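Novice: Return a 3D structure for these sequence lines:
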Amino acid sequence: MKPAVLFFLCSLTVGAAAQAPKEAMPFRLVIESTDAKPKAGSDIWIKVTLTNNSMETLDMSGGFSDLTHLDPNYHFEVRSDQGRPVPKRVYPHPELTTGTPINRTIQPNETFAEEQRISALYDMTRPGAYLVQVSRRRSDNPKDGAIKSNTITIVISK
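Specialist: From the prediction side, this is the model:
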């Protein structure tokens, strides 16, 4: 191959690689509070909205615990306004809890929203500000990490 042709082909390859878009997030998570003025001792709910940005069907199946009824595909994180983790609720004999299997998929470009009662998992009975964020693993491979939602502040009054 002539040097000029080889240089041209290498330039095209490098140029194409430099212009290739970054890998898009396969899905997007957005959370929002469902109660504008929650009171101490009341159930605290958030709305979790997942949008499938990929070209593949996203599996959202899981075994939903009859204890908390939270979607097992999500990891919930709740912190105080000082950044300290809020303690999780303790239930007697959680090993005896039954569950409900749910088979669900989210098609490409489809959005799915559901409300989650995070006070079933975290002790949010005291008045104050709580920082809430939700994440979900990117894929079945743990090395791929997780995608996080926005962080919201829930202020609980007396």
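Novice: Residue 150 against residue 132, yeah?
Specialist: No: with contact defined as C-beta atoms under 8 Å, residue 150 does not reach residue 132; the gap is 9.6 Å. Just so you know, the C-beta spots here come from the backbone N, C-alpha and C atoms, and that holds for glycine as well.
Novice: before we move on, which element is the residue nearest the centre of the chain in?
Specialist: By C-alpha atoms, centre = their mean, the mean C-alpha position of the chain lies nearest to residue 135, the distance being 2.9 Å. Using DSSP states H and E, residue 135 maps to strand 128-137.
Novice: hmm, who's touching that strand?
Specialist: The contact list for strand 128-137, computed with C-beta atoms under 8 Å, 6 or more residues apart in numbering, reads 27, 29, 31, 44, 46, 48, 50, 73-81, 83, 86, 116, 118, 122, 124, 144-156.
Novice: Show me what counts as buried in the helix or strand that that strand is followed by.
Specialist: Sequence order places strand 146-148 as the next helix or strand after strand 128-137, per DSSP H and E. The neighbour-count check on strand 146-148 (16 or more other C-beta atoms under 10 Å) flags residue 147 as buried.
Novice: again, but for stretch 43-53
Specialist: For stretch 43-53, the neighbour count (16+ other C-beta under 10 Å) marks 44-46, 48, 50-52 as buried.
Novice: cool, and stretch 83-93?
Specialist: If you call a residue buried by 16+ other C-beta under 10 Å, then stretch 83-93 has these buried ones: residue 86.
Novice: quick one: terminal-to-terminal distance for that stretch?
Specialist: The straight-line separation of the ends of stretch 83-93 (C-alpha to C-alpha, to the nearest Å) is 30 Å.
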